[in-house]
Every structure is written in structure tokens, then in C-alpha cells.
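In: Sequence below, structure please.
(3 chains)
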Amino acid sequence: MSTHGGHGAGTETAPYEPVFVGPARARLEQLFLKYPTRQSCLLPALWMVQEARGWISEPAIGEVADVLGLTPAYVKGVVTFYTMYHTHPVGRHFIQVCTTSPCNICGAEDVVKALLRETGCGELGATSPDGRFTVIEVECLGACGFATPILVDDDFLENVTPEKVPGILQRYV
Amino acid sequence: MGYPHPSHPKETVVLSKHFGDPEARTYAGWVKHGGYQALRKALGMSREAVIEEVKNSGLRGRGGAGFPTGLKWSFMPKEVVKPHYLVCNADESEPGTFKDREILRWTPHQLLEGCAIASYAIGAERCYIYIRGEFTEPWRVMTAAVEEAVANGALGDNAFGSGKRIEVVLHRGAGAYICGEETAMMNSIEGKRGNPRIKPPFPAVAGLFGVPTTINNVETLAAVPHIINRGADWYKGLCLGNPKSTGTKLVSVCGHVQRPGNYEVTMGTPMRDILYDMCGGPPPGRTFKAVIPGGSSVPIMTREEAEEAIFDYEGVVAKGSMLGSAGMIVMDDSTDMVYQIWRLARFYAHESCAQCTQCREGTAWTTRILERILAGKGKQEDFQLLLDLSENMTGKTICVLSDSCAAPVVSGIQKFRSEFEAYIAGAREPVMAAV
Amino acid sequence: MADELVNVTIDGIQVAVPKGTPIIEAAKQAGILVPHYCYHPSLPSPAVCRMCLVEVEKAPKLMPACVTAVAEGQVVHVDSPSAKKAREGVLEFLLINHPLDCPICDQAGECELQDYVFQEGRSGTRYSEYAKRYNPVEDFGPDILYVPNRCILCTRCVRFMEDVADTPVLNVSERGDRAYIGISQDQRLDHAWAGNVVDLCPVGSLLSKDFLHKARVWDLDKNASVCPGCTQGCNIHIDTRDDVVVRLRPRPNLEVNRHFICDYGRMNYRWMNRGDRIEAPLVREGTRHVATDWDTALARLEQLVRGAAGTAVILASGRASTESLGLVRRLLDRFEVTAAVQVPVGEEVPLPGVPNLALRRERAPNLVGAELLGYTPHWAAAMRAALDAAIVLVLDPDLSEADEAALAAAQGAVVVLGTVLAEGLRNAELVLPVTNMAEENGTYVNRDRRLQRYHQAKAQPGMARPAWWVAGEVLAGPGPSPSAPATAAEAFALLGERWPVFAGLSHGDLGYTGRVLPEAVPAGSAR
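Out: Predicted structure coming up:
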């Protein structure tokens, strides 16, 4: 099971720089126009934070709560509901492998093993020593006819086999 | 055509006609293929007439529940005193199902046109399309398509000069199967945890943001332009004898078949034709063992049941399962059914929203019992325990996620008991360490 | 009745309830408690625990009684085999991850999980081979600990903070069986009404640090009372163990405080247990006080009251009962009286989700009662008047050093009816031991003129008596007299002839939720 998050989000060491300033703030303001409540912009705002910072830290949760008029606890309850939000730092490239039944019967577990081996991550949820990769198992990616699909960052790759893994990894430095 | 394979003669290609054709993704390409005529036509009709046409077509919800679409639309208040919303469910996450993804990535305007027509019919000025977070490519395609549709006047403050405002907003999910449940989806759009809501109130009365809302699946909405263009009678005619199941249906077939992929068939097609003719049957040297016909949430069929079934809503029910989302997971004789049932239970345990007691605890407990069986630590009492838990998890919760976990367990024990027995008796090597 | 009534039959008992009533409330009318966890009458219902599933005839499946409204002619079965089996299933699911640590759990004895499992749960576990979920105890706030292992995710606490306190500092974190109640690391559960989550928690997951391991609840005596903290008059229980007050809890009164009390009120009980009490009447002999018996003390008081004339001043505690304030006032009817009630002032802290509920600025539970009896909150003026009054009656206020110094210089006789000895009042002619509100029966009138009873929760120390008893004995004259009130109810009955607003009312009329006094009583009317 994907275990990239424990209890509580991690903390950052450097002083926190707000995300929603300048163009990001303007983008958020545009989003406000598309919903009758600011609260509805929570998922999009969290996506913006993750795109900017790679993960969602406690101070980021505080900032999101602030710009949307919510409390940090509320935002955290939402963040931890959705598995795609990272509450801890991850590798430069985040790899999600589908291992639900349809892919499982088509060899997804072997793809996972190949990825863990070739990235050097060793285990699910761990980041490789060079900081390049984090690999997790995820539930159904919705491409069961193209087993095994994987998501590397925002790239959706189909029909991945253990043999293809080294070639794929080369594209992500 | 049934992407990624060439069209099979037994297919009836309507929605999937342009799958795989990059040109169809563009506004110009779509118009060239006859696109947006239906929207223009619908905008010239009365709202009631559009709903009537869809009602008459017999179109039923393609997300899994099979509720008549026109009837659903007609539940929306006639007078638009409060805002109305349309929500398009593009959170396709049901294991075995990957049809909506192809519509989104290949024919985005087909969906947008359907959304626009439906918005007009129900009096909604805004449609939210909820796209699951993992669908990165469909997201990019849909984003471009919305921009183009707005630029060409199909969407916007004055859709095709009709004076009607039709806005489409894309909303990205973030990893939660349960958000495919319509009330959970509304919560998710509102910036909440994706917890299903209690019904009543139903969405048509108090849905998204507490106002009248209709939620339709991608495939359902994609069928609408064709119905408006060619008429209800044409669509109704696309059935092989059962007037309750009309039109075409995209079938996603995955697992142990030679040609996995999407196929578009007329309702009433024999399932055998899909499995053998279109998909090419099992891999060489193998035979089928089981088919889960409607996404992972429905009871498992044996090979015999699947081969005899007629592929429509009622035909699959007659063989003890459900059509669901028509995502078929096909398993051949090499499959360890206990392992796969465990893997499905684990899926539901992972995805349970944590609200209802039976689901939160039951899905996890079921998973653990199956793990012990797979570890060679199972007991005869585990059969009764699993069945008891499944009964306690069925029909007792806000949504059907816990029922869905129970379905493969119960049907698995009924139909493949000997495989469980083998682990329990020690006749089969354990495949995992004891938990 | 304005509401349309609907007839339903629940376990064979017919009741008529207003349209829209949920089955769970209709069942209460029929005398049937549908087991439940997440439902609470003062919170929105999420219908998540699924414990209140009942069989409704003609419904395709079991229905949650908390969110299913009654319908005309509906027939409901709470005690049917299918409903019982469903409840047994929920209990089994709730128990698989629940530690069986009842022997060290503060909730044991008032735990709804323990109660319902005992009532209709399975006798053995089928989960013995698996480890239970484990998360460490968390410190949520100044008075609140969270024990996640015991949590059943009913979300009452989350909903209270979000929907009632309007301060959502709690959440449900994660999902599936990994879920737990979370809090932001930058925030604390320190809202002025946060303590209610401990009462709302149906299990021992949210605990009061103040009450932690203090007592087993089955050893407690629970006494209906009224919070002495402010003019709101929240209904409370005073829980005692061996005559020691160990906690205050809210007691439901939908008109006053629904199911809640504020933390100020909740923690405002230690003075009830003070050990340095006056336990015997004291009379002044020269420069010192000498203990005596009540007959001597009462005779001295009578002598003082009858032997003087002119002005009199009463300086009363804001926590004094209506009965004591009234009879003490009557005792001085021969004088021109200035009567003041002490009203400490603090911040007003409302509970946003409940209209007209707040910790009030005026921290005196009987301010309105005192005013109806002719007292005013003009303390400084009364202190000035006390300087040359013929008699000053001090009814257990908290005196400042300046107040004490002023009274020490008073011209007339100073009589103290008190709980603890004020060191500065060495010149008092008489010091009479009286009970505090936890040690007596009485009534308060809250800010909305609601007259409410409180009941004795612990024994009085030594020879202490309620102040109304002291005044009543003197008013009745020397020796045994049938006109001297023997109970607070009798003392209350004496108020009506002097103050018509209380006429025609008795303690027995007040029940457990009190009665609102009429604004103005026409002359000659009984009520």
C-alpha cells in the first residue's frame, strides 16, 4: 500500500516563502471567478502549491488556509484525504505504478520490482539516495487495457514492462 | 473504432468513431466531422423538447447505475430561481474501466458538445467537469478544447448567438476513487473531503453548492449530440431486442485477452462475441476462468456464465452480476482468484472514505483475513466470517463502496471456494508472509 | 399545536410527533432509545456510525433513524432481528480496533460503546489474531487529551468545533481505517467552549485533563444544578465523590444551554471544596470571636435587628439564592435598606452555533433574582452607605481589602453570613456559617427571567446552614415555630406575599428546566 505519508505533514527547514504572490496570486484570483465559494478553490490551490514546491508543507497549508479563509486544520483534513498530495518531500521524479487487479494479473508487481531496483529506491515510498526518484504503488490509474500504466510526474506511460523500465528512467534526470 | 485496435465488424461505432485520430481533438477537426451541429440544433429547440428527445432515446447512465438520463434531467426544477449546475463525472476510477479516458483524450469536443446540450436542457449556466487527478493527458487535451470552444463561440456568455450562457469549468481531482460517487464529487468540488452525502436531499433538489444539480457520466453526455443529431428513434433502434437497454455501449476489456481495449457494441450483443471475436479470446494455450463484467464492484462471473450472457443491463443481471460501468476484467486459468480477490479488497480498504463504520473497518478486516489465508494461516471458520462481514457491509452504508468490497468476496467464495480451501488446507504454497 | 402531527408505530407503541421529526427522536417519545453514536440532538447529523439503523416496514433496506423523517402510518422496528444484527455488526466493527482498556479508561461506566456492547454485542471477538490500530495519545489543548486508539470516528467533536463553535480546529485526517481526528500543529483546542467535546465524545477518546483518573464514574453522585458562573444560568450536573466536587458537566436544557457549558463555568468549582470554612457561629466578645451554638447566635441576631433603627445595608454575593436574598431582605424590613449584589465582570464569550448562549459579562448567576428582590448591582454606593448604617449584613461576597477596611470602620453593627472568615472583619458582631450553593437547595433567576432550581450536591460543613434558614428562624421569632421554613421550598413560598412575581409558584412547578417569570404581574392575580 502506498505509504508515502505518515501522520502530520513535514516541516520545512528554510523560512517559508509564500506561493500565492505575483502571477500565482493572479491565477488564483482568476479561479475565484469560476466558483461561488473560495473554499471550492481548495483543490486547485493545493495543486498550485504542489506544482510550485513539489509537496505541501505545514506552512503551505497555513498559507492556503489563509488565502481561502479556512483554518489550517480544515485544509489538512482535506489534504490527507487525497492521496496525490504529498505531505512530505519526494524525489525529483515521482513514479506512481498501478497495481490493482487488472494490472496485477498482467504483471504489475514485476514492474514495481523493476522500478524499485532500477531507481535504487529499494522500497515503496522511499526516495532514492540520489534524490532522483520516489516510487509508490497506487490504486487503479484507469488505463487497465494498457497494463501496466505508470505516471512519472505528469507523464502517463502505458504498457510498461520490466524490460522497458531502464529506458524510461533514462529520460528523467 | 475500438481503440487501440482497428474496428471489428461486430462493433457499432458511434462514440468511438474518431478515437486515435489526433485531428478530431481540435475544434476545426471536430466541426469537419460534423461536430457542434447538434448543439446548434438543440439551442433552437425548447429545453423540454431536448429532454423529451433524450428520454425517448432510452439512454441510460453509463457510469454504472443505468438510470434513465432524460428522466434524471426532468427532475430539475423547471423554473430557474437558483443557479443550476451540470457536473460531468470524469473521475473514471473503477478498476477495469477506461472508456471515459478515451473520450476525453480523443474526442474532447464530443464531450463538450454533450455538456453544452445538457446544460441548456437543465437550465445550467455552468458545467463542472471533474477529471480525476491521474488523467494528466486528458486534462491537457480538455483544457485546450475548452479554450478552443470558447474562442469559437460554442461556449461562453452567448453560445452560438443563442443568448444562452454556457460555461465549462474543469476541476481536477487529487486521488480518491470515492469521488466518482456523485455526492462525494460535489463535496470535492466544494473543497471538502470526498465524503458521500446522505440522500435525500437528491442532487436535483439540493446538489452542488446546495442548488439543483445534475450529474452525468462522460460517456452518457458524449452520446447526447448523436441523439440530437440523428433522433431518439435511431438511438432506440440500436438495440438487439431489449427496449430497456438501447444505444451503443463502450466496453473496456482488460486482463487476460489477446486484444485488450475499448469496443463499442450495441446493447444486446452476446458477451461471447466480445470476449472471443473482438478481444481474440484468451492468450494462447489458456482458457478463461472468470470475468468481472462491470468494473470491480460487481459479482464475479464464471466462464460459463460470461459466455452465455447477453451484454446489456438486464442480460448481465440474469447471469448473477451487473453491467456496472462495463469494464470487463477477464481472468484466465492461470489466475489465483484468492489473490485477486484480496487485491480488490485492498483497493476498497484503501479507498474507503472512513465515514461509515462497516466500510471503514470492514474493508480493512476483510483484507486482513484474505492476507492470512494467502499466508497459509486461514481457517475453515474464515469462510463464515468473510460471509458474515460481507453481509454486514452490504446495504447498510451511505454509499455502495462497502457493498462493492463484499461483492467479489461473496461471489468468489461461492464460485471459487476450492481455491480458498487449497490455501487453508496447506495444499497450496503460501504467497505472502503472515500478518 | 401549530405543527402537523404524524402518527407512527415504533416497536408496537404509537406516538404522534411533529412532521419532519427524525425516527430517533420519535422513538424517544415512545420511550425507546435507538442506540447511536454520531447522532446528537444539538449537532447536524452525518449518519455515519450506522448504529441507529432500524427496520421501517416497506423500506427496501434498513434506514438510519437519525436522518429518516417520520411518515404518516410508518411502522418502525428497533428490536427486530435484522436491526439487531446490523447493530451487532457495527459494534463488532467498532471493537476490532478499540482497546479493551476499560479498567483504566475514565469513560468506563458512562461509555456508550461499553453500554451497547454489553446490551447487544457479541460475546467474543473474531479479531483476535490481528494487531489493533495504534496511535499515541495527543495533547489537543489546555484541558483535552485525545486517545486515538479509542476513537470510533463518530465526528461529534469535529462537528461541534465546526458547526457550533464555528472554529474548525479539528478534522478527520487520512481515510479508511487509517483515519483519526487531527488538529493543526499551529492551533490548539483552546476555544472557550472546547470542553464540550469531552462530553460529546461517546467513548473515552477525548478526556478532560482536569478529571483524568480522578474518580470512577460509578462512584459519583450526580446532582442537578445550575451553573453559578454567570447570568446565563446553564444547567449542570455537579458530580461529587464522597462530598467532594470532582467535575461539572452540562445538563440539557434546550431553552438555556442546549447541551453545552463553557470552560469557565466547567472549571469554576474548586471554591465549592474549600476546606477553610467557618463551621460554627461566632459571636464577638470584646476583641475576639467565640464559637457558640445556633440558639445563642440567632438570639443575638434577633437582638441586633430589633434593637436598632435607621438604615441598613446588605452586601450580598451574586451566587446567593433567591430564597436567601429574599428572606435576608425581609429580615431588615424595619430599616431603610440599601441592598447590593456583587457582580464580577468579565468578557462576554458567545457560542456562535446556539442563539442566545454565551458566557455573560455579568458573572453572577442570580443578578436578575436579586434585582427582583430589590437589590442593585451598585456595590460602591452600598459600601458608602455601609459606613454609617445601623446594621450591615454581609452575605458571603468576595470582599476586597478596601471593602474589608471600610467595613472595619463601619459605625453600626456588622453581621456576617459567610462561608470563609474575612480576616479584616474582626469587628463583626456576629459571624454565622452559611452553606455555599453546592451545599443547599435553592433557585436562581437567569438573565431571561428563567427561575431554575439547583439541588444540594454535598453536605454542609460543620454547623453551616443556608442563609435563608438563618433569616427564617429570626423572622419566626424565638423558640420552635411552625412558621420558620425548614426547606428551601418553604423559604421560597414565603417570597410570594412580599414579591408578587414569585406568587403562586413553587419549587415543584419548576421541574428540571425551570419556568420563565412573567414580565409584570397584575395586582391581585395569583400568577
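
In: okay, CA-based contacts and neighbour counts for the rest of this
Out: Will do.

In: Run through who's touching stretch B:206-219.
Out: With C-alpha atoms under 8 Å, 6 or more residues apart in numbering or on different chains as the test, stretch B:206-219 has contacts from A:36, B:61-63, B:69, B:72-73, B:76-77, B:82-90, B:99-100, B:103, B:111, B:122, B:182-183, B:186-187, B:189-190, B:201, B:203-205, B:250.

In: what do you get if the cut-off is 7 Å, keeping everything else the same?
Out: B:61-63, B:73, B:76, B:82-90, B:100, B:111, B:182, B:186, B:190, B:203-205 (C-alpha atoms under 7 Å, 6 or more residues apart in numbering or on different chains).

In: Quick check: end-to-end length of that stretch?
Out: Chord length of stretch B:206-219, first to last residue, is 24 Å (C-alpha to C-alpha, to the nearest Å).

In: list the buried ones in that stretch?
Out: For stretch B:206-219, burial by neighbour count (16 or more other C-alpha atoms under 10 Å in any protein chain shown) applies to B:207-209, B:211-219.

In: Now tabulate those residues in JSON lines and tack on secondary structure and pLDDT.
Out: Shown next, in JSON lines, are the buried residues of stretch B:206-219 (DSSP: H, G, I helix; E, B strand; the rest coil; pLDDT from 0 to 100):
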{"residue": "B:Gly207", "secondary structure": "coil", "pLDDT": "97"}
{"residue": "B:Leu208", "secondary structure": "helix", "pLDDT": "98"}
{"residue": "B:Phe209", "secondary structure": "helix", "pLDDT": "98"}
{"residue": "B:Val211", "secondary structure": "coil", "pLDDT": "97"}
{"residue": "B:Pro212", "secondary structure": "coil", "pLDDT": "97"}
{"residue": "B:Thr213", "secondary structure": "strand", "pLDDT": "98"}
{"residue": "B:Thr214", "secondary structure": "strand", "pLDDT": "98"}
{"residue": "B:Ile215", "secondary structure": "strand", "pLDDT": "98"}
{"residue": "B:Asn216", "secondary structure": "strand", "pLDDT": "98"}
{"residue": "B:Asn217", "secondary structure": "strand", "pLDDT": "97"}
{"residue": "B:Val218", "secondary structure": "helix", "pLDDT": "98"}
{"residue": "B:Glu219", "secondary structure": "helix", "pLDDT": "97"}
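
In: tell me which residues of the helix or strand that A:Ala26 is a member of are tucked away?
Out: Assigned by DSSP states H and E, A:Ala26 belongs to helix A:22-32. Buried residues in helix A:22-32, counted by 16+ other C-alpha under 10 Å: A:28, A:31-32.

In: Of those residues, which are in range of chain B?
Out: Among those, no residue lies close to chain B (C-alpha under 7 Å from any C-alpha of the partner chain).

In: any idea how far B:Asn242 is from C:Asn356?
Out: On the measure of C-alpha to C-alpha, B:Asn242 and C:Asn356 end up 62 Å apart.

In: Please apply the same query to A:Gly120.
Out: According to C-alpha to C-alpha, A:Gly120 and C:Asn356 sit 63 Å apart.

In: For the two, indicate the residue with more neighbours.
Out: A:Gly120 (19 against 13; other C-alpha atoms under 10 Å in any protein chain shown).

In: Angles on the backbone of the closest residue to that one other than its chain neighbours, please.
Out: Excluding its sequence neighbours, the residue lying closest to A:Gly120 (C-alpha to C-alpha, 6 or more residues apart in numbering or on different chains) is A:Ser128, at 5.3 Å. When read as degrees, to the nearest 10, the backbone of A:Ser128 gives phi -60, psi 150.

In: what's near enough to touch A:Ser128?
Out: A:Ser128 touches A:119-121, A:134, counting by C-alpha under 7 Å, 6+ apart.

In: Which members of those residues are the farthest-apart pair?
Out: A:Gly120 and A:Thr134 (9.3 Å; C-alpha to C-alpha).

In: Is A:Tyr172 part of a helix or strand, or is it coil?
Out: coil (DSSP: H, G, I helix; E, B strand; the rest coil).

In: Most neighbours out of the contacts of A:Ser128, which is it?
Out: Among the contacts of A:Ser128, A:Thr134 has the most neighbours (other C-alpha under 10 Å), with 28 neighbours.

In: how much space is there between the closest residue to that one other than its chain neighbours and B:Gly114?
Out: In space, and not counting its chain neighbours, A:Thr134 is closest to A:Thr127: 4.4 Å by C-alpha to C-alpha, 6+ apart. For A:Thr127, the distance to B:Gly114 equals 44 Å [C-alpha to C-alpha].

In: What of C:Glu112?
Out: 51 Å.

In: burial measure for C:Pro136, as a count.
Out: 9.

In: That one and chain B, how far apart?
Out: 19 Å (C-alpha to the nearest C-alpha, to the nearest Å).

In: C:Gly508 too?
Out: Per C-alpha to the nearest C-alpha, C:Gly508 is found 44 Å from chain B.

In: That residue belongs to a strand?
Out: No: under three-state DSSP, C:Gly508 sits outside any strand and is assigned helix.

In: Next, count neighbours for it.
Out: 10.

In: Run a quick neighbour tally on the residue in chain A positioned nearest to chain B.
Out: Of all residues in chain A, A:Ser40 sits closest to chain B, at 4.2 Å by C-alpha to the nearest C-alpha. A:Ser40 has 23 neighbouring residues, counting by other C-alpha under 10 Å.

In: surely it meets B:Ile189?
Out: Yes: between A:Ser40 and B:Ile189 there is a contact under C-alpha atoms under 7 Å: 5.7 Å.

In: pLDDT below threshold where in the chain?
Out: Since no chain was named, I'll use chain A. Scanning chain A for pLDDT under 70 picks out A:1-13.

In: that's the wrong chain, I wanted chain B
Out: B:1-2, B:435.

In: Residues of it that sit close to chain C?
Out: Within chain B, the positions near chain C by C-alpha under 7 Å from any C-alpha are B:349-358, B:360-362, B:364, B:392, B:395-397.

In: picking up where we left off before, CSV for the contacts of A:Ser128, including secondary structure?
Out: Converted to CSV, those look like this (three-state DSSP):
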residue, secondary structure
A:Thr119, helix
A:Gly120, coil
A:Cys121, coil
A:Thr134, strand
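
In: which residue packs closest to the most far-flung residue of chain A relative to its centre, ignoring adjacent ones?
Out: Ranked by distance from the centre of chain A (C-alpha atoms, centre = their mean), the top residue is A:Pro36, with 27.4 Å. Nearest residue to A:Pro36 in three dimensions, chain neighbours excluded: B:Phe209, at 7.9 Å (C-alpha to C-alpha, 6+ apart).
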